[in-house]
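S.K.: dropping a prediction and its sequence here:
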Amino acid sequence: MDLQSRKLNLIGYLIDIQDEKIFSEIESTILGNRKQNRQQDLLQFTPEQLVNRAEEANQDYLACRTKTQDQLERESNSW
């Protein structure tokens, strides 16, 4: 069974649930996992990494390897 079929089957199962407690448990599990995944996506830098990134940014600035806010906005509009 492919992923799309499994998702549809799960939706059908959720629709048929009549017990509020079971639904709440499923809901809190899903929402808890989403929050945990978002937190894992955030990178934690060591102080040394932060200093290195700042030094790199300063070098980019001094070498004129930067973009203005307007340039970034125009670029992001084409995404």
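M.R.: Thanks, I have it. Numbers count the residues shown, from 1 in each chain.

S.K.: point out where this structure drops to low pLDDT.
M.R.: 35-41 (pLDDT under 70).

S.K.: kindly recompute the last result at 50.
M.R.: Residues of the chain meeting the criterion pLDDT under 50: none.

S.K.: for it, what spans make up the helices?
M.R.: With DSSP state H as the criterion, the chain has helices at 3-16, 20-41, 47-62, 69-77.

S.K.: can you redo those helices as TSV with mean neighbour count?
M.R.: Backbone N, C-alpha and C define where each C-beta goes, glycine included. Formatted as TSV, those follow (neighbours: other Cβ atoms under 10 Å):
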stretch	mean neighbour count
helix 3-16	10
helix 20-41	10
helix 47-62	10
helix 69-77	9
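
S.K.: distance check, Ile11 against Leu42.
M.R.: Using Cβ to Cβ, to the nearest Å, one gets 30 Å for the distance from Ile11 to Leu42.

S.K.: what's the answer for Asp60, then?
M.R.: Separation of Asp60 from Leu42 (Cβ to Cβ) stands at 23 Å.

S.K.: now swap in Ser5 and tell me
M.R.: 33 Å.

S.K.: what of Glu48?
M.R.: Here Glu48 is placed at a distance of 18 Å from Leu42 (Cβ to Cβ).

S.K.: go on, Asn9?
M.R.: With the distance defined as Cβ to Cβ, Asn9 ends up 32 Å from Leu42.

S.K.: okay, Gln4 and Asn33: tell me how far apart.
M.R.: Computed with Cβ to Cβ, the distance linking Gln4 and Asn33 is 20 Å.

S.K.: with Asp19 instead?
M.R.: As judged by Cβ to Cβ, Asp19 and Asn33 stand 21 Å apart.

S.K.: same check on Leu62?
M.R.: Using Cβ to Cβ, Leu62 is found at 44 Å from Asn33.

S.K.: and what of Asn77?
M.R.: 33 Å.

S.K.: mind listing what Cys64 touches?
M.R.: If you count contacts by Cβ atoms under 8 Å, 6 or more residues apart in numbering, Cys64 has none.

S.K.: perfect, that will be all.
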